[in-house]
Structure formats: structure tokens, C-alpha cells
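J.: Turn this into a model:
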Amino acid sequence: MSHVAVARNTGTPHTAPQYRGERITVAVTPLLVDANGVAALLGVSRRTVYSMQSTGELGPMALTVGGRKLWRTAELSAWVAAGCPRREVWVDLQKNANVN
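T.: Take a look at the predicted model:
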């Protein structure tokens with residue numbers, strides 16, 4: 001049985017370090033993903049992600065971290081659970097949720 005861990009935010013498997021002859025498996029759920037990660041989560045192309053972002057179809061806004069555009073995975077999940085509303089509706093839903 002082979003155990004692997006996922007490298008930070010790349011989706012690339014790598015072998016986990018060995019301790020006393022045992023392999024440790026680490027499951028990593030990224031907090032932030034780039035456009036490729038969003039595309040994989042939504043089942044669309046990277047180009048579609050950027051198109052959805054520019055037209056307002058993608059509710060969650062990207063953060064800029066170190067010059068990279070990244071999206072919160074928790075917010076993407078909540079957005080999908082809410083039915084993928086357009087950005088203006090999503091922003092209103094978020095404001096109302098924060099008031100309560």
C-alpha cells in the first residue's frame with residue numbers, strides 16, 4: 001500500500017517522510033486555490049473561471065496574495081451550496097449573513 005501526501009496547493013503528490021520505517025499520510029485541504037483549482041472544483045476551464053469573474057457570474061471575489069489571484073475554498077463551497085448566485089446577489093447574501 002502506497003501512501004502519498006499532496007504538495008501545498010499544487011495537487012502534485014509527493015512521498016511523505018518516513019519515521020521508524022512507517023509512512024505518514026497527510027491529507028491537505030487548501031484554504032485558497034488559484035484559477036486552476038477553482039476550475040477543477042467547478043468542473044469548468046480556467047478560461048471560464050476568468051470569464052465568470054469578469055461578468056459577475058462567479059460570486060466569490062478573488063484575493064490577491066503575493067501577486068496571485070486566489071479564492072477561498074470555503075466561500076466557493078458555500079456559493080455552490082447557495083445555488084451559484086451572481087456576484088451582486090452573493091455579496092448581498094454575505095452581508096445579510098454577517099448582520100445576523
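J.: Tell me how many other residues surround G56.
T.: Neighbour count of G56, defined by other Cβ atoms under 10 Å: 13. In short, each C-beta sits where N, CA and C put it, glycine included.
J.: Same question for N36.
T.: For N36, the neighbour count with other Cβ under 10 Å is 14.
J.: residues near the residue nearest to it when sequence neighbours are not counted, how many?
T.: Once flanking residues are discounted, N36 sits nearest to R46: 5.6 Å by Cβ to Cβ, 6 or more residues apart in numbering. Using other Cβ under 10 Å as the criterion, R46 is surrounded by 14 other residues.
J.: ok, now C84?
T.: C84 has 15 neighbours, counted by other Cβ under 10 Å.
J.: in the protein, which spans are strands?
T.: Taking DSSP state E, the strands of the chain run over residues 4-6, 13-15, 18-19, 22-23, 32-33, 63-65, 68-72.
J.: These: lowest mean pLDDT?
T.: With a mean of 44, strand 4-6 has the lowest mean pLDDT of these.
J.: R47: neighbour count?
T.: 10.
J.: again with V65
T.: 10.
J.: And for the one 4 residues further on?
T.: Counted with other Cβ under 10 Å, the burial measure for K69 works out to 16 neighbours.
J.: Show me what it is bridged to.
T.: As for beta bridges, K69 partners with T64 under DSSP bridges.
J.: Could you double-check that it sits in contact with L63?
T.: Yes - in terms of Cβ atoms under 8 Å, K69 counts as a neighbour of L63; the distance is 7.4 Å.
J.: re the thing from before, which residues does the residue nearest to N36 contact?
T.: Residues counted as contacts of R46 (Cβ atoms under 8 Å, 6 or more residues apart in numbering) are A35, N36, A39.
J.: Check what pLDDT it gets.
T.: pLDDT for R46: 97.
J.: What is the least confident helix or strand in the protein?
T.: Least confident element among the helices and strands of the chain, by mean pLDDT, DSSP states H and E: strand 4-6 (a mean of 44).
J.: Tell me how this protein divides into domains.
T.: Here the domain assignment for the chain is 1-30, 31-99, based on automatic domain parsing.
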